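Q: sequence first, predicted model second:
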Amino acid sequence: MTEVRRVDVLGFHCPVPVHEARKALKEMNEGHVLEVISDDPETLHDIPALVARLNVTLESVEEKSGEFTFRIINTEDTRSTPNIRIDENIPADARLPTSHGDFRIRVFHEDNGLDHVALTLGKMEGPDPVLVRVHSECLTGDAFSSLRCDCGPQLDAALQAIAKRGWGALIYLRQEGRGIGLHAKIQAYHLQDHGADTLDANLHLGLPGDARDYEIAAEILKSIGVSKICLLTNNPDKVKQLQDHGIDVEERKSLIAGIGENNKDYLKTKLERMGHEIEQSELES
């Protein structure tokens, strides 16, 4: 008999339904069925996108009185954790002096071909939680100092905070454009130039509003001996995902940096439509 599991995410906005669906599928055997029940219209874009990424089968989508039921067949074993390679004859592990301090850089090669970074300062041990920033790659903000987002200033502020404390870690994930990639991100910028907000631009491209998966970040933190953290983030979904993957987020600290006229609408969308914890007063100052 086919096992059917239900995930009820009524009342939750994306990306929560996507992450709950992904979590459930990773706990299920091949051939079992997942039913996701949601009332967020954005899941009509995001759940099919998740299905395509996981290579499972979306059997049907039904709508009744504003509620959507997605029936997904788990056509392959999705329970494995990300495979990261760290054992090498010459390790990707070196000293990295920066303007913020003398860090250690380690590169973790994921089986999908992406290289992620752990940048650490000091020893990752002690009674207090480790100060950690999990930062998604943003070429335009991190390298080109784009003012369309707050990514570059957040990266700089996080390194400054770690240096000030004297120990901590920055995990740099190759998840450009909230996980949709650089090409699609610039396509989304084009749509934003013509009036779309950052979320609707992704959805118009048939992509999820936020495709990031922080399981790999949790695996990297475990690999460097970190399990209890103080997380620098405004994103409650990041906290929840890391906790779901075995990281004890003992404390969350806001990371507000780089707010300006060019990115206030971007941050307003994060606040009002994506659940980020940013004070409205910060955007009005």
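A: That came through fine.

Q: any idea how far Asp248 is from Val226?
A: 10 Å (Cβ to Cβ, to the nearest Å). For every residue, glycine as well, the C-beta is placed using N, CA and C.

Q: again with Asp200
A: Asp200 is 36 Å from Asp248, by Cβ to Cβ.

Q: rewinding a little: neighbour count: Val226 and Asp248, which is higher?
A: Val226 (22 against 12; other Cβ atoms under 10 Å).

Q: low-confidence bits of the chain, can you list those?
A: Within the chain, the segments meeting pLDDT under 70 span 1, 76-89, 285.

Q: centre-most residue in it?
A: Arg212 (3.6 Å; Cα atoms, centre = their mean).

Q: where's it, which helix or strand?
A: Here Arg212, judged by DSSP states H and E, is contained in no helix and no strand.

Q: how about Glu250, what does it touch?
A: 129, 228-230 (Cβ atoms under 8 Å, 6 or more residues apart in numbering).

Q: quick check: strands, which of those are part of them?
A: Members of those lying in strands (criterion: DSSP state E): 228-230.

Q: by neighbour count, which of the residues you listed wins?
A: Neighbour max across the ones in strands among the contacts of Glu250 (other Cβ under 10 Å) = Ile229, 24 neighbours.

Q: what's the closest non-adjacent residue to that one?
A: Val132 (4.3 Å; Cβ to Cβ, 6 or more residues apart in numbering).

Q: and that neighbour, that one's in a helix?
A: No: going by DSSP: H, G, I helix; E, B strand; the rest coil, the assignment for Val132 is strand, not a helix.

Q: isn't it up against Trp167?
A: No: applying Cβ atoms under 8 Å as the test, Val132 and Trp167 come out as separate, 10.7 Å apart.
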